[in-house]
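**Q** sequence and predicted structure are below.
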Amino acid sequence: MGLKTSNLTFDERVKKAKQDKFMQAAVGKAQDAQFEKRTRAREELGNWNGWRDLGEQIRQHVIKYLPDYLEEFSANIEKNGGHVYFAKTDVDATNYIKQVAKEKQVKKVVKSKSMVTTEIDLDKELLKLPGLSLMETDLAEFILQEDNWDEPTHIVFPTLHKNRDQVREVFQKIGYTGDNDPEHMGRFARKYLRQYFMEADLGITGCNFAIADNGMINLVTNEGNADLTMALPKTQIVVMGMERIVPSLKEAEVLDNLLCRSAVGQKLTSYCTFSAGKLADELDGPEDFHVVILDNGRSNALNTAFEPILQCIRCGACLNVCPVYRQIGGQGYGSIYPGPMGKVLSPVLDGGYENFGELPYACSLCGACSETCPVKIPLHELILEHRKVEMNKLHLDHSLNNVIFKTISVGTKTPILFKGALLGEHLALKPFSNKKENSVENLYPEGKVDKVPKIAPSLIHGWVDVRDLAEPPKVKENFRHWYDRHQKEKRGEING
Amino acid sequence: MHLQMKVCIFSTCIVDLLFPNVGKAMVEVLERFGCETVFPKGQVCCGQPTYNSGYSKETIKTFYNEIDALLSVEADYIVGPSGSCVAMLKEYKDILKDDPAYAQKAQILYDKTYEFTQFIYRVLGILDCGAQLDATATFHRSCHMTRLLKERTAPFVLLDHVKDLKMIPLNNVQLCCGFGGTFSAKEPEISEAMVDDKVNNIVATKAQVLIGADQACLMNIGGRMNRRGEKIKVMHIAEVLNHNVDLKRVKYVKDTDHQMVPANGSGVF
């Protein structure tokens, strides 16, 4: 699938999402449920903002000394007999992994949930190898795979857009005959997947945190599938973004706490595992252990205003509070990283403004994301930063809107022009205003504009097509005139 | 009575252009409580429409103009009827921190500027403005006031003390109404879906009045409600606190056992 998930334009995706009432209801319900769970889990911990400060410090520290920690981490992996590969691009990463699979003559691959492997389109690449089969073992990813590789719509809940009946239909294609009870379907999936685990010769996992000082991989899951993926196959490959590192177990503890409470409203997920390659005196675990550390555009953010996005721990809380995500769902964004973190990250990664230039504009800058972020990434400020780069640096807008904004900027810095506007707007809108009855009281004493001619600029249509615009007061009635009169009257009172 | 406090009125462009009643109500309330007001005419706009659209360079002169205008008069405080515009004025300090001519002025602006309800409750220390409004109402909590200015409680405290006013909690009060400045006009499809969500929640309260502390949000929500034919009265909180005032009812925090409610309420999770 890769970073980019759709060839539709942004407007087309939004229109499509708006028609999907089921998706909107599902996302709304999930957001509301998470609002309660997340809040409760954070309150339970106590001193939430203190924990956030700590989380932010840890992540900023790691990003600042990233080369050192990566060196320490990879040295520890190699000391334990594992292999480390630094992949500059998605192609480098998939080539290396395919090479390992070929050398090991891998027939069956099991995978546990990993956004970064979706980012590099690993499944599709591996399946090009003759005789190789592959199974996503995270329940949600498994459903997507069986639904003809449907795209994930959330970084933590990939199937947020599907209900139980849709899941049942997917499962029926692979032999499920039961009802739509999630427990029954879960049991079916468990049995179905178990077979693959037993036969797999390569396990591929992601990585929540890589522990620099002991070379271990920390994974948090609720299904235990990642543990089986690590423990059973003879070869394991871990794929991780290069920023996903912590100095030691101590910092992992802080971040796991922030992550689980923010992502799913649990104090800890059912499984929280620290693992590495098999040691001499151990019974299980992979004999051959590889870690692929991926850049794929992440280093574009280093030493720029966008560096804080590398602090992200992929908890998805920003998606869960975002009012735009609530309306357009994950597929509206056209990136496997949707929501506020996706709006910031997608243009930074190798997709660039060419693919994701509209995303920063699809935001009301309400700041809910920045407020909830457990590692204090100023997400809405970074979204605004993208707009500044697009308009001030790259000059990407050549439409009439660009002219309008430049005109507004002249108008708002020049008091004499604004004074003119206080007169002019009145006249400009007059022909389109009407005094028809209003259901809303106290907003339209002078009438309203509820329709403008087709040729009006898109910005005017954007407002008036959706909602009514108040007709400005008569010049003598505007606030400034009133204030002058009022002051004169007051002085008159005082003098008289 | 103390020495008269001098308050510079920061009207905001939207009140200047469209909603004189909001500005009037704010001035009347402030003067009622002993503030001498002054209005510097050079002010235009806080700069958000262009700055938040990415035109940061073009907007710098808008900031300069606003700073020069608002600081051109001697005043103890600067007060405006919008959490969002006030938050923007306070952001100048960070945006202009390396500007030799304006960094210090932006800091002065930051220290002096308050949103209207913040000023009434936290600076003047008024608990009951003496207002009366016989109605059921719900309050739209604007995002910038809550999250950028970090004032989420002052309006609620003041409304709780308006005689005969029954406040009904708004479901999903934390969600943006879909205004977002030029976002509403640039992304009408998404904005429409957001404001419809907000309107549905407001309609569900069956409130007679929708109150807010940011007229731009009210213009968005009210504009959508009018288009949909939903019945409601829209009032800026300054209009509510200026309604049927009886000075005998006015109460200062210091004369009651009221504990000042922190701006961020019970904390943010």
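**A** In hand now; what should we look at?
**Q** checking residue 268 next. Helix, strand or coil?
**A** All of this is about chain A. coil (DSSP: H, G, I helix; E, B strand; the rest coil).
**Q** wait, chain B
**A** coil.
**Q** ok, for residue A:81, nearest residue in space, not its chain neighbours?
**A** residue A:277 (5.7 Å; Cβ to Cβ, 6 or more residues apart in numbering or on different chains). All C-beta atoms are positioned from the backbone trio N, CA, C, and that covers glycine.
**Q** correct me if wrong: the one you found contacts residue A:78.
**A** No - assessed by Cβ atoms under 8 Å, residue A:277 is found out of contact with residue A:78, at 10.2 Å.
**Q** and the two? Which one has more around it.
**A** Neighbours per residue (other Cβ atoms under 10 Å in any protein chain shown) separate residue A:277 from residue A:78, with residue A:277 holding more: 24 against 13.
**Q** tell me the pLDDT at that one?
**A** Predicted confidence (pLDDT) for residue A:277: 87.
**Q** next one: it from residue A:196, what distance?
**A** Computed as Cβ to Cβ, to the nearest Å, the residue A:277 to residue A:196 distance reads 22 Å.
**Q** ok, now which ones touch residue 222?
**A** This is for chain A. A:264, A:266, A:269-271 (Cβ atoms under 8 Å, 6 or more residues apart in numbering or on different chains).
**Q** actually, chain B is the one I wanted.
**A** A:440, A:443, B:210, B:232, B:234.
**Q** and with 6 Å instead?
**A** By Cβ atoms under 6 Å, 6 or more residues apart in numbering or on different chains, residue B:222 lies in contact with A:440, A:443, B:234.
**Q** separation between it and residue A:222?
**A** 44 Å.
**Q** so residue A:140 sits against residue A:156, correct?
**A** No - look at residue A:140 against residue A:156 with Cβ atoms under 6 Å: they stay out of range, at 9.1 Å.
**Q** how about residue A:186, nearest residue that isn't a chain neighbour?
**A** Per Cβ to Cβ, 6+ apart, closest to residue A:186 is residue A:139, 6.9 Å.
**Q** got the phi and psi for the one you found?
**A** Phi and psi for residue A:139, reported as degrees, to the nearest 10, are phi -50, psi -50.
**Q** I'd assumed residue B:178 was in contact with residue B:191.
**A** Yes - with contact defined as Cβ under 6 Å, residue B:191 reaches residue B:178; the gap is 4.2 Å.
**Q** what sits against the residue of the stretch 51-200 of chain B found nearest chain A?
**A** Chain A sits closest to residue B:180 of the stretch 51-200 of chain B, with a gap of 2.6 Å, by Cβ to the nearest Cβ. By Cβ under 6 Å, 6+ apart, residue B:180 lies in contact with A:364-365.
**Q** ranges for the strands of chain B?
**A** For chain B, the strands defined by DSSP state E occupy B:5-9, B:35-38, B:77-80, B:113-115, B:126-128, B:132-140, B:163-167, B:209-212, B:232-236, B:251-252.
**Q** contacts for the shortest one next, please.
**A** Think strand B:251-252. B:125-128.
**Q** what's the answer for the fifth one, then?
**A** Counting by Cβ under 6 Å, 6+ apart, the neighbours of strand B:126-128 from elsewhere in the structure are B:120, B:161, B:249-253, B:256, B:258.
**Q** backbone dihedrals for residue A:180, please?
**A** phi -100, psi 20.
**Q** one more: residue A:217?
**A** phi -110, psi 130.
**Q** list the contacts of the closest residue to chain B within the stretch 51-200 of chain A.
**A** Per Cβ to the nearest Cβ, residue A:52 is where the stretch 51-200 of chain A lies closest to chain B, at 9.8 Å. By Cβ under 6 Å, 6+ apart, the residues touching residue A:52 are A:374, A:376.
**Q** just the helices in the stretch 51-200 of chain A please.
**A** Counting by DSSP state H, counting those that start in this stretch, the segments of the stretch 51-200 of chain A that form helices are A:66-79, A:90-103, A:115-119, A:122-127, A:139-146, A:164-172, A:182-199.
**Q** what about the spatially closest residue to residue A:151 that is not a sequence neighbour, distance to chain B?
**A** Spatial nearest neighbour of residue A:151, excluding adjacent residues (Cβ to Cβ, 6+ apart): residue A:5 at 4.8 Å. To chain B, residue A:5 is 18 Å away according to Cβ to the nearest Cβ, to the nearest Å.
**Q** phi, psi of residue A:5?
**A** phi -110, psi 0.
**Q** residues near it, how many?
**A** 20.
**Q** in terms of helices and strands, where is the residue lying closest to residue A:54 once chain neighbours are set aside?
**A** Spatial nearest neighbour of residue A:54, excluding adjacent residues (Cβ to Cβ, 6+ apart): residue A:254 at 5.6 Å. Using DSSP states H and E, residue A:254 sits within helix A:249-264.
**Q** which helices and strands does that helix pack with?
**A** Applying 3 or more Cβ pairs under 6 Å, 6 or more residues apart in numbering or on different chains; DSSP states H and E, one finds that helix A:249-264 makes contact with helix A:48-64, strand A:209-211.
**Q** how about the longest one: buried residues?
**A** Translated: helix A:48-64. For helix A:48-64, the neighbour count (16 or more other Cβ atoms under 10 Å in any protein chain shown) marks A:48, A:51-52, A:54-56, A:58-60, A:62-63 as buried.
**Q** okay, and the beta partners of the residue nearest to residue B:222 when sequence neighbours are not counted?
**A** In space, and not counting its chain neighbours, residue B:222 is closest to residue B:234: 4.1 Å by Cβ to Cβ, 6+ apart. Assessed by DSSP bridges, residue B:234 has beta-bridge partners residue B:210.
**Q** count of neighbours near residue B:234?
**A** Residue B:234 has 23 neighbouring residues, counting by other Cβ under 10 Å.
**Q** most widely separated two among the contacts of residue A:222?
**A** Greatest spacing in the contacts of residue A:222, by Cβ to Cβ: A:264 and A:271 (12.4 Å).
**Q** which one's more surrounded, those two?
**A** residue A:264 (21 against 14).
**Q** what does the stretch 101-250 of chain B have sitting close to chain A?
**A** Taking Cβ under 6 Å from any Cβ of the partner chain, the part of the stretch 101-250 of chain B that reaches chain A is made up of B:143, B:147, B:175-176, B:180, B:183, B:185-190, B:192-194, B:222-227, B:229-234.
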